[in-house]
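S.K.: Could you work out the structure for the sequence below:
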Amino acid sequence: MTKPLSGVVPPVVTPLHEDRSFDAVSLTRSVDRMIEAGVDGLFLLGSSGEVVFSTDKRRYEILEAGIAATKGRVPVLAGIIDTETERMIEHGLIAKEQGADAIVATAPFYALGGPAEVEANFRAIREEVDLPLYAYDIPVCVHTKLDVQMLVRLGEEGVLSGVKDSSGDDVSFRRLILANERAGHPLRLLTGHEVVVDGTYLGGGDGSVPGLGNVDPYSYVQQWKAAQEGDWERVARIQDYLTRLFEIVFAPKGVTGFGAGAGAFKTALWLLGVFESNQMPRPVKALEGENVEAIRTILIETGLLQG
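M.R.: Purely as a prediction, here's the structure:
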């Protein structure tokens, strides 16, 4: 990476064929669409990218196709998320061989440790894998909230290059932004929450990693540009629109979690003609029937799809 990461870096949703094999053609179409919209980077194998649903072989397929589709036009971050340190190191070394520009890791999430073990995890990964390392703060999935002072300390020491915050803890994230500024801004701080991006930019954050950016990358790019111009009224107006669009994840009935969130993104991309299908990895079922129609209605109401 030739310059510090900032702007819009969508976590790329992974498309599947109906038989659940990987759909490289749809991935390429989606990558091209986001890059043409002006995104600043792409995050392969994040939560929306089905990293924890994927075998090692599938991870390799996704990275290989995603990096090839990007063609060096934007930086590629590769998720190396796994249960323990040694497995994350192994994924990181493979990602480097494949040509990733940076890697993204969570705290370990099986043999849960305390703060010392979490810090040691990031230090070990950075020592073994010679790529910029971003910490992924997502306690709802890994059951550990990353400590503000630890993150800044690891940034000052060059262990971490940045943080993707999906904690849902806006107080902690604002504290992290301020602590990072006091330390000279060693970390690039990106929000992973689609509907609070305006607040992140106003508070001094460096960018966003919105899953909804797969569905409408254009609006997130325009919002970032408006923030750089100091046009906060436009930033807020775009955020209001994106919040209405984000209703697609709440529209499905009888579905929760990954099936509703990533399932809604996939369904929207399918309805928009970007994906061949909205198939999900086992054991998650693809949205169907009234749930698909509910998402179609929102896409029409927000102007993304013709009625």
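S.K.: For the residue nearest to Glu156 when sequence neighbours are not counted, what is the enclosing helix or strand?
M.R.: Spatial nearest neighbour of Glu156, chain neighbours left out: Pro186 (5.0 Å); criterion: CB to CB, 6 or more residues apart in numbering. For glycine as for every other residue, the C-beta is placed from the backbone atoms N, C-alpha and C. Pro186 is part of no helix or strand when elements are defined by DSSP states H and E.
S.K.: please begin residue numbering at 156 from this point
M.R.: Right, with 156 as the first residue, what we last looked at is Pro341.
S.K.: if I pick Pro341, what's in contact with it?
M.R.: Pro341 makes contact with Val307, Gly310, Glu311, Gly313, Asn335 under the criterion CB atoms under 8 Å, 6 or more residues apart in numbering.
S.K.: Would you mind giving these as a markdown table with neighbour count added?
M.R.: What follows is those, written out as a markdown table (neighbours: other CB atoms under 10 Å):
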| residue | neighbour count |
| --- | --- |
| Val307 | 24 |
| Gly310 | 24 |
| Glu311 | 14 |
| Gly313 | 11 |
| Asn335 | 24 |
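S.K.: and of these, the nearest to Gly162?
M.R.: Asn335 (17.2 Å; CB to CB).
S.K.: Would you confirm that that closest one contacts Val307?
M.R.: Yes - contact between Asn335 and Val307 holds when scored by CB atoms under 8 Å: they sit 5.8 Å apart.
S.K.: Give me the common contacts of these two.
M.R.: Jointly contacting Asn335 and Val307 under the rule CB under 8 Å, 6+ apart are Pro341, Leu342.
S.K.: how about Tyr289, what does it touch?
M.R.: Leu232, Ala257, Ile258, Val259, Ala260, Leu315, Ser316, Gly317, Val318, Lys319, Arg343.
S.K.: Look up how far Gly317 lies from the closest residue to Gly359 other than its chain neighbours.
M.R.: Counting by CB to CB, 6+ apart, Ile332 is the residue found nearest to Gly359 once chain neighbours are left out, at 5.0 Å. Counting by CB to CB, to the nearest Å, the gap between Ile332 and Gly317 amounts to 12 Å.
S.K.: and what of Leu424?
M.R.: With distances taken as CB to CB, Leu424 is found 27 Å from Gly317.
S.K.: ok, the two, which is more surrounded?
M.R.: In this view Leu424 and Gly317 are compared by other CB atoms under 10 Å, and Gly317 has more residues nearby, 26 against 22.
S.K.: That one reaches Leu160, doesn't it?
M.R.: Yes - judged on CB under 8 Å, Gly317 makes contact with Leu160 at a distance of 6.2 Å.
S.K.: Spit out the residues that contact the two alike.
M.R.: In contact with both Gly317 and Leu160: Arg343, Leu345, Asp361, using CB under 8 Å, 6+ apart.
S.K.: Of those residues - the most surrounded one?
M.R.: Of the shared contacts of Gly317 and Leu160, with other CB under 10 Å as the count, Leu345 tops at 28 neighbours.
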